[in-house]
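J.: Fold the following for me, if possible:
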Amino acid sequence: YAPLAGDALVRHLTAKRIPEQLLLDAGVAKRSASGSLYDAFRGRLQFPIMIDTRRIAGFGGRVVPALFEGSDRGPPPKYLNTGESPIYRKSTVLYG
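T.: Prediction:
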């Protein structure tokens, strides 16, 4: 589960000394217009996209609609997957 809070994962991973650029490259964080990092998968139920039985290539997330009720920004995309990255190439990973 990825909470709706804007930077819960970013704060956790940077506290573990994971470099910001790695978070961006992995697709789990994005940079705002002001330059700060925020979680890419907010308010979603997360599941791993596996390369094989031991390695995670990326993440998929299904929105939890109740978290966004009353939001003035409109509904977010129902599903959101990690974008292309050095280890996740959508054309080479058989999803599911």
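J.: Can you name the residues that contact the closest residue to residue 14 other than its chain neighbours?
T.: Of all residues not flanking residue 14 in the chain, residue 20 sits nearest, at 6.8 Å (Cβ to Cβ, 6 or more residues apart in numbering). Using the backbone N, CA and C atoms, a C-beta is placed for each residue, glycine as well. For residue 20, the contact set (Cβ atoms under 8 Å, 6 or more residues apart in numbering) comprises 14, 29, 37.
J.: where's the most far-flung residue of the chain relative to its centre relative to residue 8, distance?
T.: Here the centre of the chain is the reference, and by Cα atoms, centre = their mean the most remote residue is residue 70, at 22.6 Å. To residue 8, residue 70 is 21 Å away according to Cβ to Cβ, to the nearest Å.
J.: Sketch out the helices for the protein, chain order is fine.
T.: When secondary structure is read from DSSP state H, the chain shows helices at 8-15, 20-26.
J.: got these as a markdown table, with mean pLDDT and distance to residue 47 columns?
T.: Listed next are the helices of the chain as a markdown table, based on pLDDT from 0 to 100; distance: least, Cβ to Cβ, whole Å:
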| stretch | mean pLDDT | distance to residue 47 |
| --- | --- | --- |
| helix 8-15 | 95 | 15 |
| helix 20-26 | 91 | 16 |
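J.: Residue 63 is nearest to which of these?
T.: Residue 63 lies closest, by Cβ to Cβ, to one member of the helices of the chain: helix 8-15, at 16.1 Å.
J.: Check which residues of the closest one are buried.
T.: Under the neighbour-count criterion of 16 or more other Cβ atoms under 10 Å, helix 8-15 has 9-10, 13 buried.
J.: Make JSON lines out of those residues and add distance to residue 91.
T.: Output for the buried residues of helix 8-15, formatted as JSON lines (distance: Cβ to Cβ, whole Å):
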{"residue": "9", "distance to residue 91": "27"}
{"residue": "10", "distance to residue 91": "28"}
{"residue": "13", "distance to residue 91": "28"}
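J.: and of the residues you listed, the nearest to residue 81?
T.: Residue 81 lies nearest to residue 9 out of these, by Cβ to Cβ, at 16.0 Å.
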